[in-house]
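Asker: return atomic coordinates for the entry below.
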Amino acid sequence: MRNFKVQRLMNGEGADGLRAFAVYLDSVCWSAENLTDGRLPNWYRPSVAWTPKLSELLVDTGLWIEVATVFAETGLPESDGPPLRGIRWLINDYHSYGITYSEWTKHIQQRRDAAAKRWARPQGASKVRRIK
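Answerer: Here you go, the predicted model:
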């Protein structure tokens, strides 16, 4: 599946576009690893060569959404968003491409239930048949 925002970033911005793409990839990987559903906190700094200009480039391209603009556009005070408190950016369309926290916890619970069911067999009920 093509992401035309990434293509636009890579084609139109030269070296800054490549750096911004590296920051974008780092942010997606960090969010997936930390199960934040595409939310990037105020203190988040990518492990690659990050500058505020690259963040602006990602917001302008539409790959990131700045939370302050969300509150400005909707007219809500920043205190009215507990899930967004302390969050500076959102990865746009994260749920289209990545697994969400609720999907991950559901998957883990299914695996735990299956393991518990396997281990709960009675003592004599082994699947292995003995040859006499």
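Asker: and the longest strand seen in the chain, how far out from the chain's middle?
Answerer: Assignment by DSSP state E gives strand 87-91 as the longest strand of the chain. Chain-centre distance of strand 87-91: 10 Å, with C-alpha atoms, centre = their mean, to the nearest Å.
Asker: so what are the sheet partners of that strand and their directions?
Answerer: Applying DSSP bridges to the sheet, strand 87-91 is found paired with strand 39-41 (antiparallel), strand 64-66 (antiparallel).
Asker: comparing those strands, which comes out most buried?
Answerer: strand 64-66 (a mean of 20; mean count of other C-beta atoms under 10 Å). For glycine as for every other residue, the C-beta is placed from the backbone atoms N, C-alpha and C.
Asker: just to revisit the earlier point, indicate which one of the strands paired with strand 87-91 is closest to Q7.
Answerer: Ranking these by their distance to Q7 (criterion: C-beta to C-beta) puts strand 64-66 first, at 16.2 Å.
Asker: for that closest one, what is the average pLDDT?
Answerer: Strand 64-66 carries an average pLDDT of 87.
Asker: ok, and what's touching the longest strand of the chain?
Answerer: For strand 87-91, the surrounding residues in contact (C-beta atoms under 8 Å, 6 or more residues apart in numbering) are 24, 27-28, 31, 38-42, 44, 55, 58-59, 63-68, 70, 98.
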